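# Quick one: sequence plus predicted model below, questions after.
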Amino acid sequence: MNKQEKKENHRKGTLKIIPLGGLGEVGANMMVYEYDGQILVVDTGLMFPENDMLGIDYIIPDITYLMQRRKQVKGIIITHGHEDHTGAIRHVLEELQAPIFATPLTRGLLEVKLARNGLASKAQIETVNAGESRKIGPFTVDFFHVCHSIPDGIGLGIDCPAGLVVHTGDYKFDHTPVDNWPTDYAKLAEFQRRGVLALLADSTNSERPGWTPSERVIDDAFDKVFREAKGRIIIASFASLISRMQQVANTAAKYNRRMAFAGTSMVDNARIARKLNYLKVKEEQIVSLDEALNMKDSNVVIMCTGSQGEPTSILGKLSMGSHRIFDVKEGDTIVLSAHPIPGNEESVSHTINRLLERGANVIYDTIAPVHVSGHASQEEMKLMMHLTQPDYFIPKP
């Protein structure tokens with residue numbers, strides 16, 4: 001059967017692709033695929049509130065459509081462990097009962113999140129690996145590896161009688177990733193040979209020309225920070241940014257600094273990543289926060305939450321002098337290793353200003369390349385489309 005005949009044979013019935021979150025906004029990613037009355041859900045993310053959303057901690061997708069069709073939901077796939085793809089999982093599980101499919105690291109991060117909310121025993125989580133496939137209702141799903149700013153990210157080839165849909169998840173074409181595991185070009189080319197009905201691809205950086213820099217760019221920036229810092233180094237990042245933890249650990253080892261984690265989510269995620277061997281750090285290099293605070297300043301680096309200026313985060317409290325365990329002091333070097341999420345720019349600027357007022361040396365991405373995006377830029381998007389050659393292209397954040 002040639003490609004055209006296969007396409008015509010596939011076009012039986014209707015495939016519905018329904019975004020419940022993540023389109024026209026940054027975060028709250030949730031996509032529904034429905035065929036023959038059976039539903040596959042991809043991702044259950046949250047979104048951080050904008051400055052004028054007073055009293056709101058976070059925003060989740062509207063899952064009314066799924067609640068009205070509980071028995072039709074055959075499975076939930078989580079593409080990677082970032083909050084904008086996992087953060088609403090407990091709210092979804094409070095309303096739905098369906099098996100969850102996730103790679104080992106993503107599963108570990110989900111289990112930590114669910115355990116905090118007493119839902120670990122309710123979740124039916126099945127481990128999948130890149131290169132495997134699963135039959136979920138009417139869908140046959142191929143899982144393929146993609147580079148992102150967290151290990152174990154996957155994209156999906158979702159096949160049903162209507163055709164093959166490629167759902168990239170968050171991706172970039174990084175030739176020198178921190179974990180040395182590049183995006184699976186061969187699988188994308190295989191999809192093209194099978195015939196791709198639609199490509200749903202990460203479009204976060206669609207306005208950025210060229211290629212997104214490799215994560216390895218950060219290594220040189222971190223090396224300069226560690227080489228020049230005389231006092232403590234405090235690095236703020238997302239709690240799920242395991243690749244960044246590894247880069248900090250590597251540089252800390254080079255400059256004989258012990259490493260501590262601050263913040264419940266940061267501590268828990270680092271623990272599970274080390275347990276699963278996605279974060280490779282020698283046991284003697286890790287110390288508790290209490291131990292770090294009693295060490296010589298030049299011998300310690302602390303990783304914490306708060307890169308988005310959240311007032312309740314570790315860095316937010318440090319900037320206001322309200323943290324109950326320690327304070328910023330003159331001579332500290334503080335690195336914000338993340339881009340501000342749209343809407344958070346003002347909060348981040350206020351946090352930086354307050355830290356400077358307290359005598360810290362603050363380094364962020366406009367000063368040094370201490371963060372690069374995990375999302376494809378225009379040239380990578382062109383490559384993705386050339387590799388898959390879809391009949392239809394649907395951009396998504």
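Perfect, thanks for sending it.
# residue nearest the centroid of this protein?
With distances taken as Cα atoms, centre = their mean, His82 lies nearest the centre of the chain, 2.9 Å away.
# out of everything not next to it in sequence, what's closest to that one?
Ser240 (5.1 Å; Cβ to Cβ, 6 or more residues apart in numbering). To be clear about C-beta, it is placed using only N, CA and C from the backbone, and glycine gets the same treatment.
# secondary structure class for that neighbour?
When classified by DSSP: H, G, I helix; E, B strand; the rest coil, Ser240 comes out as coil.
# what's the average pLDDT for stretch 64-84?
For stretch 64-84, the mean pLDDT works out to 96.
# And stretch 136-150, end to end?
Terminal residues of stretch 136-150 lie 26 Å apart, using Cα to Cα, to the nearest Å.
# Same question for stretch 319-335.
Start-to-end, stretch 319-335 (Cα to Cα) is 13 Å.
# again with stretch 67-80
In stretch 67-80, first residue to last residue: 24 Å (Cα to Cα).
# Tell me the gap between that stretch and the middle of its chain.
Offset of stretch 67-80 from its chain centre (Cα atoms, centre = their mean, to the nearest Å): 20 Å.
# Only the buried residues of it, if you could.
Val73, Lys74, Gly75, Ile76, Ile77, Ile78, Thr79, His80 (16 or more other Cβ atoms under 10 Å).
# same deal with stretch 296-314?
Here stretch 296-314 shows 297, 300-310, 313-314 as buried, counting by 16+ other Cβ under 10 Å.
# Make a markdown table out of those and add pLDDT.
Shown next, in a markdown table, are these (pLDDT from 0 to 100):
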| residue | pLDDT |
| --- | --- |
| Asp297 | 95 |
| Val300 | 97 |
| Val301 | 97 |
| Ile302 | 97 |
| Met303 | 97 |
| Cys304 | 95 |
| Thr305 | 90 |
| Gly306 | 87 |
| Ser307 | 88 |
| Gln308 | 86 |
| Gly309 | 81 |
| Glu310 | 82 |
| Ser313 | 88 |
| Ile314 | 91 |
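# Can you tell me which of these comes closest to His350?
Of all these, His350 sits closest to Gly309, with 6.4 Å by Cβ to Cβ.
# give me the element that closest one is part of.
Gly309 belongs to no helix or strand when elements are defined using DSSP states H and E.
# Identify the spatial nearest neighbour of it, chain neighbours not counted.
Of all residues not flanking Gly309 in the chain, Ser347 sits nearest, at 3.2 Å (Cβ to Cβ, 6+ apart).
# Give me the distance between the residue nearest to Pro209 when sequence neighbours are not counted and Ile235.
Distances taken as Cβ to Cβ, 6+ apart put Gln378 closest to Pro209, at 5.2 Å, once the chain neighbours are dropped. According to Cβ to Cβ, to the nearest Å, Gln378 and Ile235 sit 30 Å apart.
# Of the two, which one has the most company?
Ile235 (26 against 15; other Cβ atoms under 10 Å).
# Count the neighbours of the closest residue to Tyr364 other than its chain neighbours for me.
Closest residue to Tyr364 apart from its sequence neighbours, by Cβ to Cβ, 6+ apart: Leu336 at 4.2 Å. If you count neighbours by other Cβ under 10 Å, Leu336 ends up with 26.
# and what of Met53?
12.
# quick one on the thing from earlier: the residue nearest to His82 is in contact with Leu109, isn't it?
Yes. Ser240 is within contact range of Leu109, at 6.3 Å (criterion: Cβ atoms under 8 Å).
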